[in-house]
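Q: Provide a 3D model corresponding to the input given below.
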Amino acid sequence: MSSPSTSIGLDDPSRRGGKSGVPAAPTSVLSVAEAALLLPRVERLTSAWLRVRTVPLALAGLLFALVYGGTFNFMAGRWSSDSAYQHGWLVIPVAVGVIWYRRARLAQVPVGSNPAGLALMALALLMHLFEKAVDLNGPSPVSIPIFLAGAVWYFLGGAFLRELAFPIAYLLFMVPIPGGFTEVVSFPLRMLATNGSKLAAGWFGVDVQGAGMNINFGQPYGREWIALTVADPCSGLHSLMAIKALHAITAYLTRLRLVWKWVLFMCALPIALAANLTRVTGIILVGAYWSKDVALGLFHDWAPLMLFVIAFAILISIGRLLEWLTLPNPSRDRLLRLVTGRKPASASEEAPAKPAAAVPVYATPRRRSPGAVGYAPVIAMLAVTLLGGIAFARQPEPESPIADVTKIPAVAGGWVSQGDQRLDANVMAQIKSDSHLDRWYYNPTTGQYVELLVVYRRYGRREFAHRPELCFPAAGYTVEKNGTVPLYWGGRDVPANQITANAKDGKQSNLSYFFASGKRTESSFVRQQVVMAFERLSPNKNGWTFIRLQSPTVTTPQDALAAQQDFMRMIAPEIERVITTDHRPIVASASAPRF
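A: Residues are numbered from 1 along each chain as shown. From the prediction side, this is the model:
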């Protein structure tokens, strides 16, 4: 009598979850002996699959590191030197931690492929090449999350991309704002902190004075007056970026619905601004009622950390409150019944609870994940991008002459120089000029004055960030009027920005400004930045010059503007002659290539 052989039955109802007595489709039966013989073959096939995938994956990873190595080096420099982006060191570990936290969910997502991911990766690499071509900082860091999203879409499919959308998008928090636009963002934050702290300190009986970003307040009993200036580090931008980055994770990990997660995330903005306003107000109060040294020393240095912790605790509390209000909660329902006096619903009236689906059901992908051959287009795109980046980096930087704007004549028509002005260290740090001139002119016939400010930067320099729309309100002026005015340049009238501003002492100033490069002019800061960026592809050897006229209102604002127009008809040809350098010989720089 032979004993039955031991087997693994794939049609066993207990293993399939079926019911006894229900006929099942015939399936094969694999004996233990056959399984033992098959295992080595499976292991060999798995090992071969890993070897086939590992080599192209390692090559693609190496090319990615070489392409974006300079970008990560640039971002690391900003993370180390700029307090607004010190949280950047934590962004990548946090994103990886979120993926690890969701590993069980990801294990149930079907793997597929979508060729559209290749187009997304190509777009990201074009953004990277554009940055290298025009010598800007910004497009390449932004392209990193876009490239990773394209890679996930191509190699793993749309279902995986939906699951990894948050950690990939979270990488945007590591991208610094380009330097030329940092002041555009931080300036309104500085004004908010300055004006708000003056108002709040006044509620506590502190005599606060000062215009613009300057705060002057007195200690009780007339002991001492203390002067403060709200600079960029006090704008609150660094705490705002850190709180937003941290709270994005908090909102994501809550059990709230998506719309409430966005509400919770947006709450970080007013709370971060209120925390910075509290810090500046606290410095004033500590200095006024305790000690100047403590206010500008210990409190100034440690208050941001304390307020950061408090702001984060407030945001956590808001998140818990939203969960308590929006999620099923028996204790909340009992409290509402107690407050409203409504009787509890009977068991028959209560709606049955809906079972929560732990993992969404995904359709079977139409395409399988690409094999080793599928890595070929990705490797080719990365290799081409790497070579293109090297080619752009090795382009010799033209060494253009530097125009000396101090050679602008002191007499032009009926206008006579009243002497040059020295710019203070703070303004010099802002304008970062290669050559500059600040000179007052006077017309004895009309009795009008015009201040001429010329800031010159040779070809290849970037970022004209110090503009009148920012610096005059920071100095305490109130802008009364914005518009345009025609000024003479290059044999024609060109549009220039015009501002009428009032100081706190009642004096009125009229300003006009534009940007010039040879005969080319721009009145828009954004257009000028774009044009200057593209000049790397089509070099303009003249450099760019910021030209600003300022006139006090002697009779009427219209007379002041007419005086500026008359002044430019006299002086514009001389300024153009000085700042035009493309007729001079250009020598290629022998400096090392920039990567």
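Q: Which of the residues in stretch 375-383 are classified as buried?
A: Neighbour-count burial for stretch 375-383, with 16 or more other Cβ atoms under 10 Å as criterion, is recorded at 375, 378-379, 381-382. Backbone N, C-alpha and C define where each C-beta goes, glycine included.
Q: just curious, which of these is nearest to residue 521?
A: Comparing the buried residues of stretch 375-383 against residue 521 with Cβ to Cβ places residue 381 closest, at 39.9 Å.
Q: which ones among the buried residues of stretch 375-383 are found in strands?
A: Counted as lying in strands by DSSP state E, out of these, is not a single one.
Q: Which of the residues you listed scores worst on pLDDT?
A: Within the buried residues of stretch 375-383, pLDDT reaches its minimum at residue 375, with 85.
Q: Look at the closest residue to it other than its chain neighbours and say how many residues are nearby.
A: Sequence neighbours aside, residue 56 is the residue nearest to residue 375 in space, at 3.6 Å (criterion: Cβ to Cβ, 6 or more residues apart in numbering). Residues within reach of residue 56, counting by other Cβ atoms under 10 Å, total 18.
Q: can I get the buried residues of stretch 375-383 in CSV with distance to residue 78?
A: Compiled in CSV, the buried residues of stretch 375-383 are given as follows (distance: Cβ to Cβ, whole Å):
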residue, distance to residue 78
375, 32
378, 28
379, 30
381, 27
382, 24
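Q: and residue 154, that one's in a helix?
A: Yes: secondary structure assignment places residue 154 in a helix (DSSP: H, G, I helix; E, B strand; the rest coil).
Q: residues contacting the residue lying closest to it once chain neighbours are set aside?
A: Take residue 154 and drop its neighbours on the chain: the residue closest to it by Cβ to Cβ, 6+ apart is residue 117, 2.8 Å away. Residues in contact with residue 117 (Cβ atoms under 8 Å, 6 or more residues apart in numbering) are 149-155.
Q: tell me the secondary structure for the residue nearest to residue 375?
A: Residue 56 carries the three-state label helix when classified by three-state DSSP.
Q: The one 3 residues further on too?
A: On the three-state scheme (three-state DSSP), residue 59 is labelled helix.
Q: And it, how close does it get to residue 294?
A: As judged by Cβ to Cβ, to the nearest Å, residue 59 and residue 294 stand 59 Å apart.
Q: Also residue 185?
A: Spatial separation of residue 185 from residue 294 under the definition Cβ to Cβ is 31 Å.
Q: Okay, the residue nearest to residue 375 and residue 379: tell me how far apart.
A: Distance check for residue 56 against residue 379: by Cβ to Cβ, it reads 7 Å.
Q: swap in residue 190?
A: Using Cβ to Cβ, one gets 47 Å for the distance from residue 190 to residue 379.
Q: which residues in the stretch 51-200 of the chain form helices?
A: Listed in chain order, the helices found in the stretch 51-200 of the chain under DSSP state H, counting those that start in this stretch are 88-101, 103-106, 116-134, 139-155, 158-163, 165-170, 179-203.
Q: Figure out which of the ones you listed is closest to residue 333.
A: Minimum separation from residue 333 across the helices of the stretch 51-200 of the chain (Cβ to Cβ) falls at helix 103-106, 29.9 Å.
Q: what is the rounded mean pLDDT of that closest one?
A: For helix 103-106, the mean confidence score works out to 84.
Q: which helices and strands sit right next to the helix or strand residue 469 falls within?
A: The secondary structure element spanning residue 469 is helix 468-474 (assigned by DSSP states H and E). Here helix 468-474 touches helix 179-203, strand 478-489, strand 492-502, strand 508-517, going by 3 or more Cβ pairs under 8 Å, 6 or more residues apart in numbering; DSSP states H and E.
Q: do that again at 6 Å, thanks
A: If contacts are counted by 3 or more Cβ pairs under 6 Å, 6 or more residues apart in numbering; DSSP states H and E, helix 468-474 sits against no helix or strand.
Q: buried ones in it?
A: 468-474.
Q: any idea which of the contacts of residue 117 is closest to residue 214?
A: Checking the contacts of residue 117 one by one against residue 214 (Cβ to Cβ), the nearest turns out to be residue 149, at 46.0 Å.
Q: Could you check how far the closest one is from residue 304?
A: For residue 149, the distance to residue 304 (Cβ to Cβ) stands at 34 Å.
Q: same thing with residue 312?
A: 12 Å.
Q: Likewise for residue 150?
A: Spatial separation of residue 150 from residue 304 under the definition Cβ to Cβ is 38 Å.
Q: likewise residue 513?
A: From residue 513 across to residue 304, the span is 36 Å (Cβ to Cβ).
Q: Over to residue 523?
A: In this structure, residue 523 and residue 304 are 39 Å apart, going by Cβ to Cβ.
Q: Report pLDDT for residue 224.
A: For residue 224, the pLDDT comes out at 72.
Q: Need the phi and psi values for the residue nearest to it when sequence neighbours are not counted.
A: Ranked by Cβ to Cβ, 6+ apart and with sequence neighbours excluded, the top spatial neighbour of residue 224 is residue 292, at 6.6 Å. Per-residue torsions, residue 292: phi -60, psi -40 (degrees, to the nearest 10).
Q: residues near residue 292, how many?
A: Counted by other Cβ under 10 Å, the residues lying close to residue 292 total 15.
Q: pretty sure it contacts residue 226?
A: Yes: using Cβ atoms under 6 Å, residue 292 is in contact with residue 226, at 5.4 Å.
Q: rewinding a little: of the buried residues of stretch 375-383, which is the nearest to residue 328?
A: Using Cβ to Cβ as the measure, the one of those that approaches residue 328 most closely is residue 378, at 45.7 Å.
Q: What are the neighbouring residues in contact with the residue nearest to the closest one when sequence neighbours are not counted?
A: In space, and not counting its chain neighbours, residue 378 is closest to residue 60: 5.5 Å by Cβ to Cβ, 6+ apart. Listed by Cβ atoms under 6 Å, 6 or more residues apart in numbering, the contact set of residue 60 reads 375, 378-379.
Q: go again using 10 Å as the cut-off
A: The neighbourhood of residue 60, defined by Cβ atoms under 10 Å, 6 or more residues apart in numbering, consists of 151, 155, 375-376, 378-379, 381-383.
Q: so which two of those are the farthest from each other?
A: Between all members of the contacts of residue 60, the longest pairwise span (Cβ to Cβ) is found for 155 and 383 and amounts to 17.8 Å.
Q: I'd like to know how far residue 331 sits from residue 419.
A: Residue 331 sits 77 Å away from residue 419, going by Cβ to Cβ.
Q: If you could redo that for residue 441, that was the one I meant.
A: Counting by Cβ to Cβ, the separation of residue 441 from residue 419 is 10 Å.
Q: overlap in contacts of the two?
A: Common contacts of residue 441 and residue 419 (Cβ under 10 Å, 6+ apart): residue 410.
Q: Check which residues of whichever strand or helix holds residue 302 are buried.
A: Assigned by DSSP H and E, residue 302 belongs to helix 300-326. When neighbours are counted by 16+ other Cβ under 10 Å, the buried residues of helix 300-326 are found to be 300, 303-304, 307-308, 311-312, 315, 318-319, 322.
Q: again, but for stretch 438-452
A: By neighbour count, with 16+ other Cβ under 10 Å as the criterion, the buried positions of stretch 438-452 are 438-439, 441, 443, 448-452.
Q: so residue 94 touches residue 247, yeah?
A: No: look at residue 94 against residue 247 with Cβ atoms under 10 Å: they stay out of range, at 12.0 Å.
Q: Can you pull the domain assignment for the protein?
A: Following the assignment in automatic domain parsing, the chain carries domains at 49-176, 181-336, 401-588.
Q: any chance of those domains in CSV, with distance to residue 391 too?
A: Putting the domains of the chain into CSV (distance: least, Cβ to Cβ, whole Å) gives the following:
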stretch, distance to residue 391
domain 49-176, 9
domain 181-336, 28
domain 401-588, 13
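Q: what's the closest of these to residue 393?
A: Once the domains of the chain are compared by Cβ to Cβ, domain 49-176 is nearest, at 6.6 Å.
Q: Show me how far the closest one is from its chain's centre.
A: When distances are taken as Cα atoms, centre = their mean, to the nearest Å, domain 49-176 is centred 17 Å away from the chain's centroid.
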